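Participant: Sequence and predicted model, in that order:
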Amino acid sequence: MTTIGSAPGATLETLAAALERAHRDRTPRSRALYERALRTLPGGSTRTATYYSPYPAYMERGAGCRLTDVDGNVYIDCLGNYTSLVHGHARAELVAALASCGARGTAHGAPVEAEIALAEAIVRRLPSIERLRFTNSGTEAVMGAVRAARAYTGRPKVLKMEGGYHGSYDAAEVSVDPGAAPPTWPAGRPDGAGLSPGLTGEVLIAPFNDLPTTRALVERHRQELAAVIVEPVMGAAGVIPATESFLRGLRAATRDAGVLLIFDEVVTFRLAVGGAQELYGVVPDLTTLGKVIGGGLPIGAFGGRAAIMAAFDARHPEAISHSGTFNGNMGTMTVGRVALELLTGPEIARINALGDRLRAGMQAAADAVGLPARVSGVGSLGHVHPSRARVSDYRSASAAASRRISALLHLGLLTRGVFIAPRGMLALSTAMTDADVDLVIHTFREAAAAVADATNAADVTLHTGGELS
């Protein structure tokens with residue numbers, strides 16, 4: 001791996017310049033592809049999360065927990081396509097499962113048995129789901145769950161947590177990142193141009209991990225509120241776990257108010273055989289799923305009590321029409337079922353323990369080199385926040401954020417052969433070993449030391465909000 005340090009007296013600007021030079025030197029073919037992409041894709045990208053400055057490394061292949069880019073550089077993959085590749089890349093059993101159905105066609109415009117088998121596997125793991133529907137993404141799963149809640153209750157509004165990410169769905173894109181001066185709860189702020197301003201009347205916002213405030217909002221709006229949707233661990237805001245008291249109190253509050261509770265387990269289903277709801281001992285009315293249940297192929301699902309999901313029963317003339325060209329396609333259903341079979345209790349416990357050790361090791365490394373950082377997370381999930389402040393919700397995570405420091409850490413790790421999210425998120429896979437975790441901790445210490453040297457550790461104000469040029 002390349003060793004890149006900061007020279008004595010280095011500044012953030014000189015470190016950024018050195019890292020960018022190293023990235024450009026390592027990735028000339030990626031740069032050429034990026035420049036080619038700019039001619040057909042806005043900003044050269046079709047997925048915002050994969051972009052970073054000066055340009056992203058283009059990957060050629062993945063095997064186990066290693067990625068290889070088009071220039072031949074190899075990376076330890078500590079992201080797994082944002083938590084979806086829980087078994088790493090190209091696991092033999094999943095490749096064989098996909099090949100087994102490829103010759104028979106991947107989408108038939110008709111039901112297939114594999115659809116039933118995956119549904120049965122999910123229901124066995126999640127007692128809260130009695131009936132479910134498949135979609136092609138977590139975004140669509142949330143759309144379906146919200147529609148189900150509104151149909152069942154006859155009420156129009158939904159309450160979500162500030163900073164909660166539930167996909168690229170208009171109603172979900174309120175107050176995901178409302179900025180330094182967010183509105184007072186329950187008012188929200190649409191995240192970016194093109195969203196209807198009317199959304200703020202339909203979507204109410206509450207503070208994550210603040211039960212008294214959230215409970216009061218549920219009670220105040222109970223007559224118009226169809227559902228509360230919450231991630232047991234907020235991913236996009238910085239992998240922030242809910243407290244047990246918050247989720248248990250939220251369950252009681254929604255039940256008392258006759259409001260449905262939706263758990264978004266698109267990210268957290270990997271944390272236990274029965275997902276985060278098993279860990280917390282909380283049973284929601286509806287659950288949304290995605291990522292790991294597809295074995296690396298596009299998928300989503302939503303489900304819950306049979307009485308709620310009956311709204312989608314096509315045998316009834318007033319049923320909600322829910323379709324999708326690739327819902328229940330044979331390839332995804334077949335590979336997803338095998339992926340869940342491989343995700344056993346012992347394997348989940350093993351990668352959760354690896355995650356615990358990785359977060360502790362990274363925290364110790366940051367402390368040792370004098371970099372103010374807080375490594376949050378649970379189980380096989382983690383996130384590096386460039387601040388020592390406690391992070392418990394969107395506002396504390398936002399106050400702790402420095403996009404510039406996060407960008408320097410990301411590029412410092414990338415040029416040393418470790419792949420994480422540009423914002424600092426990590427997700428481990430069953431392909432990883434203790435040796436891989438040790439290597440990531442060692443590499444993180446090198447990258448953190450270079451950033452700490454350039455910032456003079458505690459003397460620097462981290463809340464710059466700047467970006468690499």
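Facilitator: Cool, got the structure. Residues are numbered from 1 along each chain as shown.
Participant: Report all helices and strands that whichever strand or helix holds residue 349 contacts.
Facilitator: Under DSSP states H and E, the secondary-structure element containing residue 349 is helix 345-369. With contacts defined as 3 or more Cβ pairs under 8 Å, 6 or more residues apart in numbering; DSSP states H and E, the secondary structure elements packing on helix 345-369 are strand 374-378, strand 381-385, helix 434-455. To be clear about C-beta, it is placed using only N, CA and C from the backbone, and glycine gets the same treatment.
Participant: okay, the helix or strand that contains residue 152 in CSV with CA atoms only?
Facilitator: If you go by DSSP H and E, residue 152 is part of helix 138-153. Extracted in CSV, the C-alpha atoms of helix 138-153 (Å, rounded to 0.1, in the frame of the first residue of the first chain):
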residue,chain,number,x,y,z
GLY,A,138,-35.6,0.1,-0.6
THR,A,139,-37.1,3.4,-1.9
GLU,A,140,-40.0,1.5,-3.5
ALA,A,141,-40.4,-0.5,-0.3
VAL,A,142,-40.9,2.7,1.7
MET,A,143,-43.4,4.0,-0.8
GLY,A,144,-45.4,0.8,-0.4
ALA,A,145,-45.3,0.8,3.4
VAL,A,146,-46.4,4.4,3.6
ARG,A,147,-49.2,3.6,1.1
ALA,A,148,-50.3,0.6,3.2
ALA,A,149,-50.3,2.7,6.4
ARG,A,150,-52.4,5.4,4.8
ALA,A,151,-54.8,2.9,3.3
TYR,A,152,-55.2,1.0,6.6
THR,A,153,-55.7,4.1,8.8
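Participant: who does the helix or strand just after it touch, helix- and strand-wise?
Facilitator: Remark: after helix 138-153, the chain's next helix or strand is strand 157-161, criterion DSSP H and E. Contact partners of strand 157-161 among helices and strands, from 3+ Cβ pairs under 8 Å, 6+ apart: helix 138-153, strand 203-206, helix 211-220, strand 225-230.
Participant: so what secondary structure elements neighbour the longest one?
Facilitator: For helix 138-153, the contact count by 3+ Cβ pairs under 8 Å, 6+ apart identifies strand 131-135, strand 157-161, strand 225-230, strand 260-264, strand 286-290, strand 300-304, helix 306-309 as packing neighbours.
Participant: again, only this time at 7 Å
Facilitator: In terms of contacts (3 or more Cβ pairs under 7 Å, 6 or more residues apart in numbering; DSSP states H and E), helix 138-153 is packed against strand 131-135, strand 225-230, strand 260-264, strand 286-290, strand 300-304, helix 306-309.
Participant: Output these as a markdown table; include the columns mean neighbour count.
Facilitator: A markdown table is the format used below for the helices and strands packed on helix 138-153 (neighbours: other Cβ atoms under 10 Å):
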| stretch | mean neighbour count |
| --- | --- |
| strand 131-135 | 23 |
| strand 225-230 | 26 |
| strand 260-264 | 28 |
| strand 286-290 | 29 |
| strand 300-304 | 28 |
| helix 306-309 | 16 |
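Participant: Tell me which helix or strand in the protein has the weakest average pLDDT.
Facilitator: In the chain, no helix or strand scores lower on mean pLDDT, DSSP states H and E than helix 199-202, which sits at a mean of 86.
Participant: Other residues contacting that helix?
Facilitator: 156-158, 170-171, 174, 187-188, 190 (Cβ atoms under 7 Å, 6 or more residues apart in numbering).
Participant: cutoff 8 Å now
Facilitator: 156-158, 170-171, 173-174, 187-190 (Cβ atoms under 8 Å, 6 or more residues apart in numbering).
Participant: on that earlier part again, buried set for the helix holding residue 349?
Facilitator: When burial is assessed from 16 or more other Cβ atoms under 10 Å, helix 345-369 yields the following buried residues: 348, 350-352, 354-356, 358-359, 361-363, 365-366, 369.
Participant: Equivalent analysis for stretch 437-446, please.
Facilitator: For stretch 437-446, burial by neighbour count (16+ other Cβ under 10 Å) applies to 437, 439-441, 443-446.
Participant: for that stretch, what is the average pLDDT?
Facilitator: Stretch 437-446 shows an average pLDDT of 98 in the prediction.
Participant: do the same with stretch 395-406
Facilitator: Averaging pLDDT along stretch 395-406 gives 90.
Participant: low-scoring stretches of this structure, by residue?
Facilitator: Across the chain, the ranges flagged by pLDDT under 70 are 1-9, 456-469.
Participant: and residue 121, what is it in contact with?
Facilitator: Contacts for residue 121 were tallied using Cβ under 8 Å, 6+ apart; they are 337, 340-341.
Participant: Now name the helix or strand holding it.
Facilitator: helix 113-125.
Participant: orientation of that helix relative to strand 286-290 in degrees?
Facilitator: Using axes from the mean of the first three to the mean of the last three Cα atoms, to 10 degrees, the direction of helix 113-125 lies 130 degrees away from that of strand 286-290.
Participant: Report the distance from helix 113-125 to the chain centre.
Facilitator: In terms of Cα atoms, centre = their mean, to the nearest Å, the gap separating the centre of helix 113-125 from the centre of its chain is 23 Å.
Participant: closest one to residue 78 among the helices and strands packed on helix 345-369?
Facilitator: Closest to residue 78 of the helices and strands packed on helix 345-369 is helix 434-455 (Cβ to Cβ; 6.0 Å).
Participant: which secondary structure elements does that closest one contact?
Facilitator: Other elements packing on helix 434-455 under the criterion 3+ Cβ pairs under 8 Å, 6+ apart are helix 12-26, strand 74-77, helix 345-369, helix 403-414, strand 418-419.
Participant: Please list the residues outside it that contact it.
Facilitator: With Cβ under 8 Å, 6+ apart as the contact definition, helix 434-455 has outside contacts at 1, 3-6, 8, 10-12, 14-15, 65, 76, 78, 354, 357-358, 361-362, 365-366, 368-371, 373, 405, 408-409, 412-413, 416-418, 428, 462.
Participant: Likewise for stretch 342-354?
Facilitator: Contacts of stretch 342-354 from elsewhere in the structure, counted by Cβ under 8 Å, 6+ apart, are 86-87, 91, 93-94, 270-273, 292, 379-380, 428-430, 432, 434, 437.
Participant: In contact with the residue positioned nearest the centre of the chain, which residues?
Facilitator: Nearest to the geometric centre of the chain sits residue 235, at 4.7 Å (Cα atoms, centre = their mean). Contacts were defined as Cβ under 8 Å, 6+ apart; by that measure residue 235 touches 83, 165, 267, 381, 425.
Participant: Show me what the closest residue to the first one other than its chain neighbours is bridged to.
Facilitator: Same thing as residue 83. The spatially closest residue to residue 83, leaving aside those adjacent along the chain, is residue 427, at 4.2 Å (Cβ to Cβ, 6 or more residues apart in numbering). Under the criterion DSSP bridges, residue 427 forms beta bridges with residue 381.
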